[in-house]
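A.B. asks: What follows is a protein structure lacking sequence information:
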């Protein structure tokens, strides 16, 4: 008999956990000029400790001699022979007014006029959805529907009905509208064409553009851009030429327009002005704007090498540039009145400025034969041979009058039947305007495409395929064993990635030199050292005549030691346009000032925002039109924010930038606002001594207190018995990190050039192995690296004693092996310091002695490293280390 089933119902009860309630009240940071808001007091406290907890001291600096190429203010771009001409102010009609006259009102609109938005919430919602998170149309509709259902019971509605309402509101923005226009071109055949009726001849090619004059007006009127001209020698030469023209008299400000292009199926054209800082451009604050998409002629393989097609492509390029920039031409001779970010009007004259491009595009721009230099007449088979003289518009015109097409091609590298677009503009010479491109000429070109490849060829040639692969594997393991460092990319598998990016090359440059030492001849090591020093010197934000001498010396050593590749048969010659371009850098620095990171990497970053992301947001069908509209809307939102901020309707973010008024590396090292709260960490000094297995730690703290409390005594802690030192047995706070803030304008930093990095001392980093970073410590010792010693931080802690809080670091000292850098690598060598009994040399130091983090790389020698060596234990696995000055530009400056 089957058992009777129970009819009782079992009800499972779920208990709802307590949810966090939404808080409408945001706390505004009280620091003047700061617009950050926070949901609770804890966030505000952390922000104030991190951002506003310190002030900068200005130390007196020597007066710069006239030959130095830097301004009085380090926030200004490096200059050569700068003059103080800020431009006389005038009224809207162009009549000059007294310099003390106040600027006219920014706008006649009411201070609460959010047009086309109804209120601040609508604008910030539109900015967030369209610019920040780039939400799709469908998701916007879904969000508005959910938002509306929550407001329905209050008889209210969300900011926008749907995505169409959002888009149309943005389109109605009354400021910053720079509509897209287009023009079409077609091949104009003649009777001498031998191509017949090739497919490309009958096509119409359309280019899209925005009026660059209006784009520049928007840049000049942006209050966030500091107006300083950074193209000094060249700009003042332009000013002298302008002064010769009577029509231009009365202009008080020079305005240089720099041009650059991207490289993609969509050929974008970017423009900037020479009167903003390079760090503003690097921060992508709309100081580099897209002004056009050029047409890209394509044809079948049959006609791809047709000389008529190749000529047409190049001339179409120049004609397009001339057409797009034509609106600037009238104001290149007769000044126009423009409103600047400070609210004043000024009369300005425009001039075409530096053009940033990679070598293939430079050859097209300069109308020279490929493999010839676009800057000089050096022969392509001996580019670094005898100086053939600089190219120039007048020289080229004279040669074209004297020689025929074939002679110009063969002997001078001139394509005489092409006309550069600069010939249509006054005071413009493309041969002089081509500027340095650090990314493609140095980082990708010389380092990645040449030197790294040559090392691999040398190993294959010298050791055979099998052993060469073993050596390359060991180099990869060495690269992967580089200790962690803030901002340093790790290469878990070495440099064996299929496609190199610019960031890959930049990161590899920082750790490559010690990794190859021991496997290659010393001259190759010296060659890499000279090249890296050239790269880091040319990247400095301030360049003096002494700097240029060092740059010239590095280039001379690079040319000397690269001969090893020719002697070993790796290379037959060095006639390489990218490497040859290095010989022109000193001249270009004199003309345009320090590059300071101004290169095609800026336009490649802009390319992501202006091309890649809009393409992803499109339907992929006839995507260009959708991309143009997306860019137009993004610009309208950006200009709206500038407008609302200028009318005091939004808080300016300028207050977040910390301003420095000295060239010294002013800094502060500080702890986070809260200590480590894990119960497993020690709470007093004796418990910490047990936790870290350092029995002498309490004695080290007593010695530290003697130096801190009796600093005026003629003796220090080394001269007194331990019994004379103050005792401490109280509680401590342990911190897993400290933050160093310092002036590093050549590295990725804020607009004011300030950089912030975290130094770690933690027993488990990201739930993995421990991480104990190394630091530069200011000791003033003679046996040190420019007055600094290196130490490894074992613990950060603080304690309270004698009515004072002492922030401290427990340090394991690393001592210099020699009193000068290594002759091959140019790097200082250090070793961990131990007492005679084998115990580590430890000290407790005040946090103020730490300058910033340092980076050490093992001295690998000529042997192979074991598989057990990894990035987290390499500092414990070797007896000696290089102090890696190539880890960033600030380290290069302080450790050279």
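C.D. replies: Yep, it's here. For clarity, every value in this text was computed on a predicted model and none was experimentally measured.
A.B. asks: Mind listing the strands the helix or strand containing residue 808 pairs with, and their directions?
C.D. replies: Per DSSP states H and E, residue 808 falls inside strand 804-816. Taking DSSP bridges as the criterion, strand 804-816 forms sheet pairs with strand 788-801 (antiparallel), strand 829-832 (antiparallel), strand 842-846 (antiparallel).
A.B. asks: average pLDDT across the last one?
C.D. replies: Computed over strand 842-846, the mean pLDDT rounds to 96.
A.B. asks: Quick one: residues in contact with it.
C.D. replies: 694, 696-697, 700-701, 703-704, 708, 777, 791, 794, 806-813 (CB atoms under 8 Å, 6 or more residues apart in numbering). The way it works is simple: take the backbone N, C-alpha and C, and place the C-beta from them, glycine included.
A.B. asks: let's see it at 6 Å
C.D. replies: Outside strand 842-846, the residues within contact range by CB atoms under 6 Å, 6 or more residues apart in numbering are 700, 701, 704, 808, 809, 810, 811, 812.
A.B. asks: Beyond it, next helix or strand please.
C.D. replies: Downstream of strand 842-846, the next assigned helix or strand under DSSP H and E is strand 850-854.
A.B. asks: got a markdown table for the strands paired with strand 804-816, with mean neighbour count and distance to residue 313 too?
C.D. replies: Below are these laid out as a markdown table (neighbours: other CB atoms under 10 Å; distance: least, CB to CB, whole Å):
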| stretch | mean neighbour count | distance to residue 313 |
| --- | --- | --- |
| strand 788-801 | 22 | 55 |
| strand 829-832 | 20 | 54 |
| strand 842-846 | 19 | 64 |
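A.B. asks: can you tell me which residues contact residue 116?
C.D. replies: Residue 116 makes contact with 169, 172, 173, according to CB under 6 Å, 6+ apart.
A.B. asks: try 10 Å this time
C.D. replies: Listed by CB atoms under 10 Å, 6 or more residues apart in numbering, the contact set of residue 116 reads 122-123, 126, 168-175, 636, 640.
A.B. asks: same deal with residue 481?
C.D. replies: 491, 494, 511, 515, 857-858, 860, 865-866, 869-875, 877-878.
A.B. asks: swap in residue 883?
C.D. replies: For residue 883, the contact set (CB under 10 Å, 6+ apart) comprises 774, 776, 785, 788, 790, 814, 816, 821-822, 827-830, 854-857, 891, 895.
A.B. asks: quick one on the thing from earlier: restricted to helices, list the contacts of residue 481.
C.D. replies: Among the contacts of residue 481, DSSP state H puts 511, 515 in helices.
A.B. asks: Throw together a PyMOL command that grabs the buried residues out of the contacts of residue 481.
C.D. replies: Buried residues within the contacts of residue 481, by 16 or more other CB atoms under 10 Å, are selected in PyMOL with:
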select buried, resi 491+494+511+515+857+858+860+865+869+871+872+874+875+878
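A.B. asks: From the contacts of residue 481, which land in strands?
C.D. replies: If you go by DSSP state E, the contacts of residue 481 have 857, 858 in strands.
A.B. asks: about what we covered before: can you put the contacts of residue 116 in TSV and add secondary structure, neighbour count and distance to residue 592?
C.D. replies: TSV is the format used below for the contacts of residue 116 (DSSP: H, G, I helix; E, B strand; the rest coil; neighbours: other CB atoms under 10 Å; distance: CB to CB, whole Å):
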residue	secondary structure	neighbour count	distance to residue 592
122	helix	17	44
123	helix	23	39
126	helix	23	39
168	helix	12	44
169	helix	18	42
170	helix	21	37
171	helix	13	39
172	coil	12	41
173	coil	21	35
174	coil	13	37
175	coil	16	32
636	helix	22	32
640	helix	23	33
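A.B. asks: Among these, which one lies nearest to residue 149?
C.D. replies: Nearest to residue 149 among those, counting by CB to CB, is residue 122 at 18.9 Å.
A.B. asks: and the closest residue to the closest one other than its chain neighbours, what is it in contact with?
C.D. replies: Leaving out its chain neighbours, the residue that sits closest to residue 122 by CB to CB, 6 or more residues apart in numbering is residue 159, at 4.4 Å. By CB under 10 Å, 6+ apart, the residues touching residue 159 are 117-119, 121-126, 129, 144, 147, 165-166, 169.
A.B. asks: what comes up buried for stretch 622-640?
C.D. replies: Those would be 623-624, 626-628, 630-640, for stretch 622-640 by 16+ other CB under 10 Å.
A.B. asks: again, but for stretch 571-582
C.D. replies: 571, 574, 575, 576, 577, 578, 579, 580, 581, 582.
A.B. asks: Taking these together, which two end up most distant?
C.D. replies: 571 and 581, at 17.4 Å, using CB to CB across these.
A.B. asks: re the thing from before, what's the closest of the strands paired with strand 804-816 to residue 154?
C.D. replies: strand 788-801 (49.9 Å).
A.B. asks: State the mean pLDDT of the closest one.
C.D. replies: What strand 788-801 shows for mean pLDDT is 96.
A.B. asks: how about the strands paired with strand 804-816, which one is nearest residue 717?
C.D. replies: The nearest among the strands paired with strand 804-816, by CB to CB, is strand 842-846 at 9.4 Å.
A.B. asks: now the closest one: how far from the chain's centre is it?
C.D. replies: Centroid displacement of strand 842-846 relative to its chain, using CA atoms, centre = their mean, to the nearest Å, is 35 Å.
A.B. asks: Stretch 804-816 now?
C.D. replies: Here the centre of stretch 804-816 is set off from its chain's centre by 32 Å, with CA atoms, centre = their mean.
A.B. asks: what's the answer for stretch 879-891, then?
C.D. replies: Here stretch 879-891 is found 20 Å from its chain centre; the criterion is CA atoms, centre = their mean.
A.B. asks: Same check on stretch 753-771?
C.D. replies: 22 Å.
A.B. asks: Name the residues of that stretch that come out as buried.
C.D. replies: For stretch 753-771, using 16+ other CB under 10 Å, the buried residues are 753, 754, 755, 756, 757, 759, 760, 761, 762, 763, 765, 771.
A.B. asks: what about that stretch, how long is it end to end?
C.D. replies: Taking CA to CA, to the nearest Å, stretch 753-771 runs 28 Å from one end to the other.
A.B. asks: For residue 156, which residues are in contact?
C.D. replies: 147, 148, 150.
A.B. asks: That one and residue 165, how far apart?
C.D. replies: From residue 156 across to residue 165, the span is 16 Å (CB to CB, to the nearest Å).
A.B. asks: do residue 92 as well
C.D. replies: According to CB to CB, residue 92 and residue 165 sit 36 Å apart.
A.B. asks: Comparing those two, which shows the higher neighbour count?
C.D. replies: The neighbour count for residue 92 versus residue 165, taken as other CB atoms under 10 Å, is higher for residue 165 (15 against 9).
A.B. asks: what helix or strand does the more buried one sit in?
C.D. replies: For residue 165, the element it lies in under DSSP H and E is helix 163-171.
A.B. asks: Fine, thanks again, bye for now.
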